[in-house]
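[1] no letters, just coordinates:
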């Protein structure tokens, strides 16, 4: 009987010590608080939630308005870019045939120009006739370039099959037009995607709003 009473007494003392330890742990920490740098930041945000929430909502609202307005502007500008791209791409679309011609009667002049930084630049201006043959008929057209050329130097000539006198030697318009079209379409897609994300996700809208406010204050 004494042994059983001693065991019960020992268990009761151990239970009391455990309860005291738990109370000390609870007194050492404030309920709901987290430890560490991130925990401190979260605790600060929770403590100032009533102040920060209106600011957060205002930033998100400004961000959504700013993003939608910016997307509208991007669509207008890029639509103009796409239109110009198609115009440049089709500028010489009627000149579907090509033939190799050559430069004749070449005359070149050079001029050295000094800019505001005292740097010297050489400006070259050459005039020549382009000689090419279509259906055994020879055509000669005056041409001017801003780089050095030589007599009998070959040149690719694109011409209109219905009017061989209508020709072009500049092949950059087509590729420049394609570039404008691609950039315009991609820019519109990105702007619309960002606008949708700002409407669907409030943190993104808030980030855009903070950026807009920062730009306005600068």
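    Arrived safely, thanks for sending. These numbers were taken from a predicted model, which means no experiment stands behind them. Residues are numbered from 1 along each chain as shown.
[2] note down every partner strand of the strand ranked longest in the chain and its orientation.
    Scanning the chain for the strand with the most residues, using DSSP state E, yields strand 97-114. Using DSSP bridges, the strands paired with strand 97-114 are strand 120-134 (antiparallel), strand 154-160 (antiparallel).
[3] and for residue 129, the neighbour number?
    By other C-beta atoms under 10 Å, the residues close to residue 129 number 16. The C-beta positions use only the backbone N, C-alpha and C, and glycine is treated the same way.
[4] list the residues that contact it.
    103-105, 140-143 (C-beta atoms under 8 Å, 6 or more residues apart in numbering).
[5] what's opposite residue 98 in the beta bridge?
    Where residue 98 sits in a bridge, its partners, by DSSP bridges, are residue 158.
[6] and it, what does it touch?
    Going by C-beta under 8 Å, 6+ apart, the list of residues near residue 98 reads 156-159.
[7] I'd like to know which of those residues are buried.
    157-159 (16 or more other C-beta atoms under 10 Å).
[8] on that earlier part again, got a quick ChimeraX command for the buried subset of the contacts of residue 129?
    The buried residues among those can be selected in ChimeraX (16+ other C-beta under 10 Å) with this line:
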select :103,141,143
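[9] which residue ranges form the helices in this structure?
    Along the chain, the segments classed as helices by DSSP state H run 2-28, 36-47, 49-89, 172-200, 202-217.
[10] got the angle for the third one vs helix 172-200?
    Taking axes from the mean of the first three to the mean of the last three C-alpha atoms, to 10 degrees, helix 49-89 and helix 172-200 form an angle of 160 degrees between their directions.
[11] what packs against helix 49-89?
    helix 172-200, helix 202-217 (3 or more C-beta pairs under 8 Å, 6 or more residues apart in numbering; DSSP states H and E).
[12] which strands and helices lie in contact with the longest one?
    Going back to what we said before, that points to helix 172-200. Using 3+ C-beta pairs under 8 Å, 6+ apart, helix 172-200 sits against helix 49-89, helix 202-217.
[13] all set now, cheers.
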